[in-house]
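# With the sequence up front, the predicted model follows.
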Amino acid sequence: MTEMLNKEFSRKSFMKGGGAMLVGFSLVGAAEAGKAQAADSPFASNGSPDLGQVDAFIAIHADNTATIKTGRVELGQGSTTGMLVLAAEELDMDISQLFFARNDTNVTPDTGLTAGSSTIASAGPRVRSAAATARQVLLGMAATKLGVPVGSLSVSKGVVSGGGGTVTYGQLIGDKLFNVTMAAQSINPGVAPSKPISSYKLVGIARVPRVDIPSKVSGTYVYAQNIRVPGMLHGRLVRPRGQGAYGDGTAPAILSVDEKSISHIPNARVLRRGNFLGVVAPKEYDAIQAAAQLKVKWAPMPEVSGNGNMWKQMRAFDSSGQAPARIGAVSGNFDTAFASAAKTVTASYAHAYNGHMPIGPACAVADVTPDGALVMANTQSCYAVRTKLAAILPLPLNKIRVVYYEGASSFGNSPARYDSSQAAAVMSQLAGAPVRLQFMRWDEHGWDNYGPAQLMDIRGGVDANGKIVALEYTHFGIPGISQTLDDPTRQQVGVPLPAPGLGPVDTTNSGTQYNIANRRVIAKSLPLFNNYFKTSSLRAPQAPQTCFGSEQLIDELAYAAGMDPYQFRLQNITTSDQNQWRDVLVGSAKLANWKPKVAASNLSDANEVRGRGIALGAFAGSQAGVVVDIVVNKKTGKIVVTDAYASQVAGLSVYLPGVEQQMDGNLIMGASRALSETVVFNKAQVTSLDWVSYPIMRFKESPRTYYEIVQRTDLVPTGSGEPPAAPIPASIANAFFDATGVRIREAPMTPSRVRAVLKAAGH
């Protein structure tokens with residue numbers, strides 16, 4: 001690698017190999033995407049192509065291969081293979097003939113952000129439509145070429161046969177444009193010209209290997225962290241170790257910088273724009289040392305609300321009228337039904353901040369010149385980054401090229417989505433050279449967009465037969481899914497913060513699982529600026545927090561009614577959603593071999609006790625049921641999830657191995673968040689900056705996982721990347737009650753918290 005870096009390369013050449021990449025700027029992505037011509041400059045950014053055109057999504061090559069351009073990115077979730085399965089199915093080609101185009105604002109279409117488990121559900125229909133339309137056009141061309149009717153043709157691996165002759169797709173149109181508009185009616189499976197689902201051979205059936213795994217295993221896969229470019233400097237951010245409250249705590253004023261404090265580090269330079277500060281050096285270790293040793297005096301940060309007792313502070317804001325309430329959902333008359341219920345339960349639940357915390361920190365490589373900019377990064381939306389960069393560089397959109405390279409996943413809006421790309425671009429512009437910026441661990445932990453902390457007051461009632469007659473869910477927290485209104489780099493360079501708005505209230509997991517005639521959902525929005533940390537979407541945004549409260553309340557109602565938790569849910573399950581909730585409830589119980597009993601009916605005085613819990617939750621239009629078995633050590637307070645079982649409905653599941661892998665990851669990550677992960681902070685800022693202060697589940701602690709996909713070919717595909725993350729915290733809490741007879745209503749369920757609730761209950 002050192003030898004490669006010392007060679008001279010122009011910006012119009014690139015070199016790949018050995019898991020690292022020395023790359024120039026004009027050809028990145030173009031070769032993979034099957035463009036007919038090279039970019040007219042290294043910074044050309046002429047996308048997005050017309051989303052109604054087949055050519056925006058598919059290029060057929062002369063060698064009878066095809067490039068599929070989806071506008072989405074591979075985050076480790078396997079959706080790349082899923083999209084190729086869709087395209088191969090409709091084109092009648094083999095997966096081995098298809099190549100996935102790297103997301104590039106000069107090449108691929110803008111089909112939106114790769115987030116919310118939306119790739120197959122939202123971008124998939126466009127790819128399906130393009131492939132089905134392309135096949136229709138190619139068959140018409142083949143019919144003319146072979147002199148036979150279209151109806152007499154057959155296709156296998158892109159070879160059309162009929163009338164005793166054959167012709168390949170590549171021979172028909174190789175490397176030429178279709179210039180055909182997609183048939184709008186074909187966006188759903190089974191609607192012409194898309195194939196009928198009954199004829200599928202790949203979608204929902206084939207267990208083809210993931211296309212990205214071989215190069216990852218062999219070490220030849222090029223991650224964002226591997227990229228090296230000619231003349232590149234290494235950069236590091238200089239920010240306080242841990243952010244403060246959103247506002248002044250995420251853009252603290254720089255009072256002074258002593259540049260002489262790093263004068264002993266060879267060729268290290270200080271870069272500053274407003275309150276944005278960074279360092280660069282030719283050698284990465286020198287940049288790391290410069291960032292650590294640079295003497296900076298920051299203005300004091302505002303005091304973070306609730307240090308020591310965040311939930312008490314939330315209630316104080318509510319009592320003083322600073323947490324206005326909104327009705328998110330209402331049906332029937334909750335107050336009357338609750339007052340007349342045979343049994344009622346009233347309880348409060350709380351869920352602390354979680355972080356995204358990918359193992360590999362965010363990384364971006366940027367080259368910004370007066371003529372244009374190119375950024376290579378593990379963002380989730382190249383087009384959104386381009387728009388953000390246009391405002392802060394500033395440069396025209398068509399001269400800001402953003403190219404995707406995979407990093408260490410994201411799990412939602414981590415700093416890799418937007419902030420690292422913008423920071424690298426600002427540093428490159430200030431340095432007058434390409435800059436490779438990689439976050440340090442304390443940057444990733446301390447400046448994350450956390451999953452929000454949430455406080456819930458929930459009331460419910462049942463009649464004498466165990467039917468839920470009333471439920472009220474009140475949530476204290478963020479105004480919508482995301483409190484993060486802007487990224488730190490933008491704020492630090494002087495972009496004014498927009499005023500917070502009130503987004504829609506998410507009511508998905510607050511009782512919609514059940515047939516409840518009298519239901520009310522209330523959202524109380526807390527004051528954000530200079531009080532709470534910046535937060536955003538974290539795997540299944542808000543769903544684990546909401547389910548942690550609502551699905552415990554359901555369990556508590558089952559206990560009050562003297563019923564088995566599964567039987568109670570089955571009796572009250574809603575059937576208004578084409579039975580998806582019933583499918584996952586029955587599926588998870590069957591998978592776990594559920595044995596009916598009233599929870600906590602077999603308690604033991606032993607130090608180690610076992611319990612089983614169940615919960616339901618949803619995200620991205622998909623439903624999941626989860627059952628867990630746990631062991632609780634009363635003396636140490638440690639909860640171990642030994643087994644986790646999940647059943648999921650995601651409509652027509654396109655790529656089964658990918659869905660299963662996501663279910664597996666959700667169960668493990670969800671258990672980790674529920675048991676140990678919490679953002680720690682003092683009066684001024686975040687202090688959990690490493691894996692000791694923010695522990696995650698270790699391999700040896702991971703549960704055995706079992707999962708089942710309930711294939712629903714009668715429904716369109718819905719999201720598969722996140723649903724089991726929603727119910728698993730509640731299932732663990734419900735299992736804890738089954739094991740101990742004690743409720744634990746705050747997450748994470750750490751050993752110290754477990755010991756405290758057991759002690760309070762007299763254990």
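Nice, thanks for sending it over. Numbers count the residues shown, from 1 in each chain.

# for the protein, what are the low-confidence residue spans?
1-40, 185-187, 478-484 (pLDDT under 70).

# give me that answer again for 80
The chain contains residues with pLDDT under 80 at 1-40, 183-188, 190-192, 307-308, 478-485, 499-504.

# how's it carved up into domains?
As assigned by automatic domain parsing, the chain contains the domains 34-218, 229-301+362-438, 310-354+450-760.

# Off-centre distance for the shortest one?
Spelled out, that is domain 229-301+362-438. Its chain's C-alpha centre and that of domain 229-301+362-438 lie 23 Å apart, by CA atoms, centre = their mean, to the nearest Å.

# follow-up on the earlier one: tell me which of the domains of the chain lies nearest to Glu444.
Nearest to Glu444, of all the domains of the chain, is domain 229-301+362-438, at 6.4 Å by CB to CB. To be clear about C-beta, it is placed using only N, CA and C from the backbone, and glycine gets the same treatment.

# Now do the strands in the stretch 51-200 of the chain.
58-60, 66-68, 98-100, 154-156, 159-162, 165-168 (DSSP state E, counting those that start in this stretch).

# Select, out of the ones you listed, the one closest to Glu259.
strand 98-100 (45.4 Å).

# Go ahead and name everything in contact with the closest one.
Residues outside strand 98-100 that contact it (CB atoms under 8 Å, 6 or more residues apart in numbering): 32, 65-68, 70, 74, 80, 83-84, 87-88, 211.

# what's the closest of those residues to Ser421?
Of the contacts of strand 98-100, the one sitting nearest to Ser421 (CB to CB) turns out to be Glu74, at 17.1 Å.

# Tell me the one of the contacts of strand 98-100 nearest Ala115?
Distances from Ala115 to those, taken as CB to CB, are shortest for Glu74 (13.3 Å).

# if you skip the residues just before and after it, what's nearest to that closest one?
Once flanking residues are discounted, Glu74 sits nearest to Thr80: 4.3 Å by CB to CB, 6 or more residues apart in numbering.

# was I right about that neighbour contacting Val211?
Yes - if you go by CB atoms under 8 Å, Thr80 and Val211 touch, sitting 6.1 Å apart.

# Show me which of those two is the more surrounded one.
Thr80 (23 against 19; other CB atoms under 10 Å).

# how near is that one to Lys683?
Per CB to CB, to the nearest Å, Thr80 is found 45 Å from Lys683.

# swap in Ala464?
51 Å.

# the more surrounded of these two?
More neighbours surround Lys683 than the other of Ala464 and Lys683, with 12 against 9 (other CB under 10 Å).

# Helix, strand or coil: sort out the more buried one for me.
Of the three states, Lys683 takes coil according to DSSP: H, G, I helix; E, B strand; the rest coil.

# That one: what's it in contact with?
Going by CB under 8 Å, 6+ apart, Lys683 touches 303-304, 307.

# I'd like to know which of those are buried.
Val304 (16 or more other CB atoms under 10 Å).

# What is the nearest of the contacts of Lys683 to Gly219?
Nearest member of the contacts of Lys683 to Gly219, counting by CB to CB, is Val304, at 42.6 Å.

# Surely the closest one touches Ala453?
No - when contacts are counted by CB under 8 Å, Val304 is not listed as touching Ala453 (11.2 Å).

# Need the residues touching each of these two.
In terms of CB under 8 Å, 6+ apart, Val304 and Ala453 are both contacted by the residues Tyr532.

# Pretty sure Val626 sits in a helix.
No - using three-state DSSP, the assignment for Val626 is strand, not a helix.

# Tell me the span between the first and last residue of stretch 164-178.
Counting by CA to CA, to the nearest Å, you get 26 Å between the two ends of stretch 164-178.

# buried ones in it?
So, applying 16+ other CB under 10 Å, buried residues of stretch 164-178: 167-173, 178.

# likewise stretch 89-104?
By neighbour count on 16+ other CB under 10 Å, the buried set for stretch 89-104 is 89-93, 95, 97-104.

# For those, give me TSV that also has distance to Leu277.
Formatted as TSV, the buried residues of stretch 89-104 follow (distance: CB to CB, whole Å):
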residue	distance to Leu277
Glu89	51
Glu90	51
Leu91	51
Asp92	56
Met93	51
Ile95	48
Gln97	50
Leu98	45
Phe99	42
Phe100	38
Ala101	37
Arg102	32
Asn103	30
Asp104	31
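
# now for these, which pair is the farthest apart?
Spatially, the most separated pair among these is Asp92 and Asp104, at 27.5 Å (CB to CB).

# re the thing from before, tell me the one among the contacts of strand 98-100 nearest to Ala756.
Closest to Ala756, out of all of the contacts of strand 98-100 and judged by CB to CB, is Glu74, at 42.8 Å.

# Burial check on the closest one, number of neighbours?
For Glu74, the count of nearby residues is 24 (other CB under 10 Å).
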